[in-house]
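A.B. asks: just to be clear, the model below is a prediction. Sequence and coordinates:
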Amino acid sequence: MTRFPKLEPLGFDPTIPNQARIYDYLVGGKDNFAADREAARWALSVAPELPMMCREGRRFLERVVRHLAGRGVRQFVDVGCGLPTQGNVHEIAQAAAPGSRVVYVDNDPVVVTHARALLEDEEHTAVIEADMREPDQVLGHPRLKSLIDLGSPVAILLFFALDVIPEDELASHIVGRFRDAIAPGGYVAIGHTVSDLRPEATAGLADLYQSRSVVTGHAHREQQRTKADVEGLFDGLSLVPPGVVYIPAWGADAGQDTLDPRAIWSVGGVGRKDA
C-alpha cells in the first residue's frame with residue numbers, strides 16, 4: 001500500500017491563518033483571529049462570491065442529509081467538519097429522523113475543542129480528533145466505534161474536506177478506504193470546489209493560500225480539481241441522481257430557480273455502496 005507523508009500535529013497558533021477559521025469568518029462566525037480575517041479579506045479580493053458559496057455549501061449539506069435520512073440512514077460521519085455553525089449535521093439528521101447518530105471528525109484541536117463544548121451534550125453525537133489522511137485512524141477511533149455500527153448503513157460526509165488534500169492519489173485513497181469500510185446500503189457524499197468555470201479564481205486562491213501559509217493540507221495545488229476529477233472519486237459507488245452536479249442543482253425541487261453555477265463553482269454528489 002502506498003504510504004503518504006504524515007502531517008505534523010496542527011497545534012494552535014493564532015498568527016497563522018487556518019482554513020476552518022477563514023470559513024467561519026466568511027459565514028459570519030466569531031471563532032477566528034486577526035490572521036484569519038486578513039487572509040479572508042485577501043481571498044474575497046480574488047473571489048468576492050465566497051460568502052455566497054459558503055452559504056450554498058451549507059444548503060447542499062442540508063439537502064443531502066435530509067435525503068439520506070429519508071432513505072433510512074441513521075448514522076452519519078462528518079469528516080473534516082470544521083467549526084460548528086447553524087444547521088449542523090446532527091440537527092438536520094435528528095430533525096428528520098430522531099435518534100440518528102452523528103460523529104464529527106477534524107484534525108484541528110481548536111475545531112475539536114469548540115465542537116465538543118457545543119455538541120458533546122447531545123446523547124447521539126460525538127466529536128473526535130483524527131486526521132482523514134489516515135482513514136483507519138478515523139474508523140478505528142474508540143468513540144466512533146462506540147456510536148457507529150459499520151455493519152449497518154452509514155453515510156460518510158466529505159463536504160469540502162478533500163479540497164485541502166492536494167494529492168490526487170491520497171484523495172482517492174481516502175474515499176476508497178471509507179467506501180470499503182461501510183456496509184452495503186451506505187453512502188459517501190462529496191462536495192468540492194472545482195476549477196472548470198473560474199480557473200483564474202481557483203488558481204488565485206491557491207497562490208494566495210500558499211503565499212500566506214494558510215493551514216490546509218500537507219502541500220498546495222497550483223489549481224483546484226475539475227468536475228471530472230470529482231466524478232472519478234466516486235469509483236466503485238453508484239451515483240444517486242442527478243449525479244455530480246453544481247451544488248445549487250443537487251436536490252433542488254422541480255421548477256425551483258437555481259443560481260448560476262458560474263457564481264457557485266462547487267460540485268457535489270452522493271454515491272451508494274451496492275455490494
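C.D. replies: Structure's in. What do you need? All of these numbers come straight from a predicted model, not from anything done at the bench.
A.B. asks: going forward, measure contacts between C-alpha atoms and count neighbours the same way
C.D. replies: OK.
A.B. asks: low pLDDT regions in the stretch 151-275 of the chain?
C.D. replies: Within the stretch 151-275 of the chain, the stretches with pLDDT under 70 are 211-220, 254-258, 261.
A.B. asks: can you give me the strands for it?
C.D. replies: 155-159, 187-193, 238-239, 245-246, 266-272 (DSSP state E, counting those that start in this stretch).
A.B. asks: pull up the pairing partners for the first one, direction included.
C.D. replies: Sheet pairing here is set by DSSP bridges, and for strand 155-159 it gives strand 75-79 (parallel), strand 187-193 (parallel).
A.B. asks: next secondary structure after the shortest one?
C.D. replies: Spelled out, it's strand 75-79. Later in the chain than strand 75-79, the nearest helix or strand by DSSP states H and E is helix 89-96.
A.B. asks: include distance to A201 when you put the strands of the stretch 151-275 of the chain into JSON lines, please.
C.D. replies: Below are these laid out as JSON lines (distance: least, CA to CA, whole Å):
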{"stretch": "strand 155-159", "distance to A201": "20"}
{"stretch": "strand 187-193", "distance to A201": "11"}
{"stretch": "strand 238-239", "distance to A201": "28"}
{"stretch": "strand 245-246", "distance to A201": "17"}
{"stretch": "strand 266-272", "distance to A201": "12"}
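A.B. asks: dump those to TSV, plus distance to R177 and mean neighbour count.
C.D. replies: Output for those, formatted as TSV (distance: least, CA to CA, whole Å; neighbours: other CA atoms under 10 Å):
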stretch	distance to R177	mean neighbour count
strand 155-159	11	24
strand 187-193	11	25
strand 238-239	16	17
strand 245-246	24	21
strand 266-272	14	25
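A.B. asks: one step back: ok, which of the strands paired with strand 155-159 comes nearest V154?
C.D. replies: strand 75-79 (4.9 Å; CA to CA).
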